[in-house]
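Student: I would like to see how this sequence folds:
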Amino acid sequence: MNKIISKYLIFGFLKSIINIFFIFMCLGLILNLFEEIEFFKNLDEKIWLPLYLTFLFIPNLMIELLPFIIFISAVWYFMFIKSNTDLLSLKIFGYSNLKIILTLSFTAFLVGCCVLFVLNPLTAAMTKSYEITKAKYSRDIDHLVSINKNGVWIKDSSGEDKKIISAKNLKGNYLYKVSIYKIDKQHKLIKRIESEKVNITKLPWVFERATVFNLKEGGKTRVIENYKFDTIYDLNKLNSIYRNLGTISFIDLVKNYKKYIETGYKSALLKERLHFFLSLPIFLFFMVFLASIFTVGSVNKSPNIYYIFISIISCVVIYYLKDLSLALGQTERISLTLSAWAPIVTLGLFCTIGIIQINEK
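Tutor: Next up is the predicted model:
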């Protein structure tokens, strides 16, 4: 009998998750489609391309929103079993509030594990395909930053001349093996700059030792110490622009963590992403606990609009608290590990107190 009841609870909850997931997905498709159409408005492309890119982009977005999808799904399901007296029937069969909540919480935890090991590799591949496809249509954009197996590539059209910058890799505050090509408005190469090492922490960039080939003067070569180069990109801007960590799956990140750092990925960003993945199943677990506090924990029958309002407010508060914690980690006010786990630990403590009170009812 217990197995039948557990299956009833689990499958009902999974059905709720699927329904809410598709609602979020439809909203995401509509909103992102408008963004893609705006990107291609000046290009002679048919509607299928923005639609195709939207379908590639949305699955990764759904993983980012998964804690809130689980929370709203749990609120919805608890409302359902409470309103049709299923909750009372389950108690008659010996299921306490705590047992019901734990069953659904562990279901959410397993959903998180399945997402990491099964869905995430697929969404990472889709995001990578999205980036590659969209980059093909970015050639008319004045500024473009990319990283691949051939190194770092930057297109900068600030100032009178265009600059094409290539580097072998980015480590710490420096670009290594740097080549810069300056092209005039007639698309002619006018200057080439070579350097082994460039400090990009501040603007302008500072070359410890630069070799400048001036093609306007017949290829005249000069070696200049502490050469300064004007561009719109510094280290912070590069780190915020040229890496989409959505292209890296959890399994890939664990297996190739050191390799990504050697390639030039910032260690802090990789560590933040890794802890996001590791904490996801536990985050989902506690989101079900939180949903139960607002629904099962309430003795009075409240209208559905009350639960909808509570769900929206809770999602907003949790999102901004988590974002604040990550910002503190990124600015080194606290460690990145602490910034990733502090909101979840806080949520866990709050839920533990709430669950004890619910189980006493």
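
Student: which ones are touching Asn120?
Tutor: By Cβ atoms under 8 Å, 6 or more residues apart in numbering, Asn120 lies in contact with 63, 249-251, 277. C-beta coordinates here come from the backbone N, C-alpha and C atoms, glycine included.

Student: then Met25?
Tutor: Contacts of Met25 (Cβ under 8 Å, 6+ apart): 58, 62.

Student: against Asn32, how distant is it?
Tutor: 10 Å (Cβ to Cβ, to the nearest Å).

Student: farthest pair within the contacts of Asn120?
Tutor: Pairwise distances across the contacts of Asn120 (Cβ to Cβ) peak at 13.8 Å, for the pair Ile63 and Ile251.

Student: and the two? Which one has more around it.
Tutor: Ile63 (22 against 14; other Cβ atoms under 10 Å).

Student: from the contact counts, what lies against the helix or strand containing Val288?
Tutor: Element membership for Val288 (DSSP states H and E) is helix 267-295. With contacts defined as 3 or more Cβ pairs under 8 Å, 6 or more residues apart in numbering; DSSP states H and E, helix 267-295 has these neighbours: helix 66-83, helix 97-114, helix 250-255, helix 257-263, helix 304-330, helix 336-360.

Student: quick check: angle from it to helix 97-114?
Tutor: 150 degrees (axes from the mean of the first three to the mean of the last three Cα atoms, to 10 degrees).

Student: average pLDDT for helix 267-295?
Tutor: Across helix 267-295, pLDDT averages out at 87.

Student: between that helix and helix 304-330, how many degrees?
Tutor: Going by the same axes, to 10 degrees, helix 267-295 makes 160 degrees with helix 304-330.

Student: rewinding a little: need the contacts of Asn120 in CSV with distance to Leu238, can you?
Tutor: Putting those into CSV (distance: Cβ to Cβ, whole Å) gives the following:
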residue, distance to Leu238
Ile63, 25
Ser249, 23
Phe250, 25
Ile251, 27
Phe277, 24
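
Student: could you list the domains of the chain?
Tutor: Annotated domains of the chain cover 2-138+246-360, 144-231 [automatic domain parsing].

Student: what residues are shared contacts of Met25 and Asn32?
Tutor: With Cβ under 8 Å, 6+ apart, Met25 and Asn32 have common neighbours Ile58.

Student: just say which of the helices and strands packed on helix 267-295 is most tucked in.
Tutor: Mean neighbours per residue, mean count of other Cβ atoms under 10 Å, is largest over the helices and strands packed on helix 267-295 for helix 66-83, with a mean of 23.
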